[in-house]
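Give me a 3D structure for the following:
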Amino acid sequence: MTSFKPIVVCDSASWMESKNYIFESDRLGFRLWRESDLDQLAKMNADPEVMEFFPRTQTREESAAYIDGASASQAERGFCFWPVEEKGTGDFIGFIGLGVPRFESYFTPCIEIGWRLDKKYWNRGYATEGARACLEYGFNELGFTEVLSFTAVTNIRSERVMQKIGMEKIGEFDHPSLDPASSLYRHVLYRTTKKTTSDPLSTL
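Numbers count the residues shown, from 1 in each chain. Have a look, this model is predicted:
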C-alpha cells in the first residue's frame, strides 16, 4: 500500500507568490482554470492518442465547455479536475483532479479521481505524483473519506496509476453512458479510503 507524501497547501497570503497554486507536489502545481488554457486543452483533447480510451476526440467548443464546467465545480464544490503545471517550466501538462460522476451506477454518487495528460508528458511519473497529491488534498483539506476511480478495462496505463497510488480494485461494471458494442463499455473500478494514524499501513 502506498503512503502519501506531504503536499503544500497555499493560503490566501501566499497564493499569488506561488503562481496561484491551490496546492503543490514536488514537481507539479495545481491551479484554477484560465481562458488562456483553451488552446492547449483543445489541442490535447483533439489528439487521438490522448483520447484513445474515450469514445472520440473533442472539439474546441467542447474543450471550452469543459473549462466552464470545471470552473463551476470549483466555485460550487471547492474541487474539480485541476489544470496542472510543471513547476520547473510553468508548462500546462493536462489536468488531474477530483469530480462527481454524472452517470448512475451502483457505486454512485461518489467522488472520483482522474487524469488526462498531454502525451509529451507521459512516462515521467506525473500522473502518479499528481494523483497522490490530489488524494491527500481531498482527504486532508476537503474531508473526503473515500475516493473511487474507473477506466476501460483496456486502459492498462491508467489502471497501473490507480495501483501505484494505493487504490484497490473492487470490481468491474458496464459504463451506462457508452454503447454496449463499444470496446470501452466494460470498466474496472478502484477504491481508496482515508488512512489514519492508527492504521499501520499509513506509516509505511
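
Helix or strand next in line after the longest helix seen in the chain, which one?
Secondary structure of the chain per DSSP state H: the longest helix is helix 60-77. The C-terminal neighbour of helix 60-77 among helices and strands, as given by DSSP states H and E, is strand 81-86.

so how far is Arg157 from Ile165?
13 Å (CB to CB, to the nearest Å). For every residue, glycine as well, the C-beta is placed using N, CA and C.

who has more neighbours, those two?
In this view Ile165 and Arg157 are compared by other CB atoms under 10 Å, and Ile165 has more residues nearby, 24 against 13.

just checking, the more buried one touches Ala127?
No: the pair Ile165 / Ala127 is not scored as a contact, 9.0 Å apart, by CB atoms under 8 Å.

Would you mind listing the residues touching both of these two?
Common contacts of Ile165 and Ala127 (CB atoms under 8 Å, 6 or more residues apart in numbering): none found.

any idea where the strands of this structure begin and end?
For the chain, the strands defined by DSSP state E occupy 8-9, 23-24, 28-30, 81-86, 91-99, 112-117, 146-152, 168-174, 186-193.

Of all those, which one comes closest to Ser73?
Closest to Ser73 of the strands of the chain is strand 91-99 (CB to CB; 6.8 Å).
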